[in-house]
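S.K.: What shape does this take:
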Amino acid sequence: MPQTYTPEFKKKIVRLHLEEGRTYKSITAEYGVSKASISKWCAEFSEECQTKAILNPESPNEAELMKENLRLRKELEESRKENLFLKKAAAFFAKEID
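M.R.: Next up, the predicted model:
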């Protein structure tokens with residue numbers, strides 16, 4: 001008998017994949033959900049977002065917001081890495097001056 005999941009759990013899994021960029025493999029390993037289920041839930045979410053966009057074209061699409069959120073998270077992570085590198089470089093060159 002197939003296992004049933006709550007809508008909240010499904011949404012959490014979809015968010016992990018779309019917002020955080022987690023792979024199907026990592027989600028499957030952590031939560032024991034099949035790749036097929038994750039793929040199906042993501043497709044259902046996409047359809048739901050498209051329907052909402054058609055009914056209310058003025059509001060931002062939730063899927064688009066999630067993609068933008070993921071892009072911004074990646075950009076922030078890259079900026080943090082660059083900042084850390086610059087701090088280390090400044091400390092290195094400050095030692096050479098002394």
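S.K.: Could you pull up the contacting residues of Q3?
M.R.: Counting by Cβ atoms under 8 Å, 6 or more residues apart in numbering, Q3 makes contact with nothing. Glycine gets a C-beta too; all of them are placed from N, C-alpha and C.
S.K.: for it, phi and psi?
M.R.: Main-chain dihedrals, Q3, degrees, to the nearest 10: phi -80, psi 140.
S.K.: Check it and give its pLDDT.
M.R.: Per-residue pLDDT puts Q3 at 82.
S.K.: ditto for the one 5 residues further on
M.R.: Predicted confidence (pLDDT) at E8: the value is 91.
S.K.: what's the helix or strand for it?
M.R.: Here E8 sits within helix 7-18, counting by DSSP states H and E.
S.K.: Need the CA coordinates for that helix. PDB is fine.
M.R.: Listed next in PDB are the C-alpha coordinates belonging to helix 7-18 (Å, rounded to 0.1, in the frame of the first residue of the first chain):
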ATOM      1  CA  PRO A   7       0.100  18.600   1.900                       C
ATOM      2  CA  GLU A   8       2.400  20.400   4.300                       C
ATOM      3  CA  PHE A   9       5.100  17.700   3.900                       C
ATOM      4  CA  LYS A  10       4.700  17.800   0.100                       C
ATOM      5  CA  LYS A  11       5.100  21.500   0.100                       C
ATOM      6  CA  LYS A  12       8.200  21.300   2.300                       C
ATOM      7  CA  ILE A  13       9.800  18.800  -0.100                       C
ATOM      8  CA  VAL A  14       9.000  21.000  -3.100                       C
ATOM      9  CA  ARG A  15      10.500  24.100  -1.300                       C
ATOM     10  CA  LEU A  16      13.700  22.100  -0.500                       C
ATOM     11  CA  HIS A  17      14.100  21.300  -4.200                       C
ATOM     12  CA  LEU A  18      13.000  24.700  -5.700                       C
END
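S.K.: what's it packed up against?
M.R.: When contacts are defined as 3 or more Cβ pairs under 8 Å, 6 or more residues apart in numbering; DSSP states H and E, helix 7-18 packs onto helix 24-31, helix 35-55, helix 62-97.
S.K.: Sounds good, over and out.
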